[in-house]
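Trainee: sequence? don't have it. structure:
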């Protein structure tokens, strides 16, 4: 029974991903999530997970009707160097690019690669960057970190889902 649920969940996730590129590839299937002024927030994938195209990449993020796009307040960014120099990477574990809002910035992977980062640091919502530390160096799924200013979306709560 448990195995069948896992297969159903994976099948559902793949169907959602396929729906995101159906037709002309510009809009996924599902409920539209709109803001106070009926401006598109994105497309609902679950109770609070929304997909939106950001700079040409389909990005998911968490949104709540009353509080807007969830702010995690911090994120780990990873580097292939030991001194936190060079390109930044963020984790990438699903068909969509998982966005993480940190203050006014939405971080998301723009691609998918198997990498073994050598250093990491925490970026906080106020823009502060933590100390550079060594990363475990274990292979994982990452993407080059893209960013977008959440304020540029010009969205106002409350959010609502409509067919």
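Mentor: That came through fine. Being a predicted model, the structure only gives us computed values, none of them experimental.

Trainee: how far out from the middle of the chain is the longest strand anywhere in the chain?
Mentor: The longest strand of the chain (DSSP state E) is strand 140-149. From the chain centre to the centre of strand 140-149 is a distance of 8 Å (C-alpha atoms, centre = their mean, to the nearest Å).

Trainee: For that strand, which strands pair with it and how are they oriented?
Mentor: Looking at strand 140-149 with DSSP bridges, its partner strands are strand 89-91 (antiparallel), strand 105-109 (antiparallel), strand 113-115 (antiparallel).

Trainee: isn't there a strand covering residue 152?
Mentor: No: counting by DSSP: H, G, I helix; E, B strand; the rest coil, residue 152 is located in no strand; its state is helix.

Trainee: what about it, how many neighbours?
Mentor: For residue 152, the neighbour count with other C-beta atoms under 10 Å is 10. All C-beta spots, glycine's among them, are computed from the backbone N, C-alpha and C.

Trainee: Could you report the distance from it to residue 64?
Mentor: 20 Å (C-beta to C-beta, to the nearest Å).

Trainee: just the helices in this structure please.
Mentor: 2-20 (DSSP state H).

Trainee: Nearest residue to the middle of this structure?
Mentor: residue 99 (1.6 Å; C-alpha atoms, centre = their mean).

Trainee: ok, that residue touching residue 59?
Mentor: Yes: at 4.2 Å, residue 99 counts as touching residue 59 under the criterion of C-beta atoms under 8 Å.

Trainee: Now do the same for residue 17: its pLDDT.
Mentor: Looking at residue 17, its pLDDT stands at 41.

Trainee: Equivalent analysis for residue 95, please.
Mentor: In this model, residue 95 carries a pLDDT of 82.

Trainee: How about residue 10?
Mentor: 32.

Trainee: thought residue 61 was touching residue 102?
Mentor: No: counting by C-beta under 8 Å, residue 61 stays clear of residue 102, with 11.2 Å between them.
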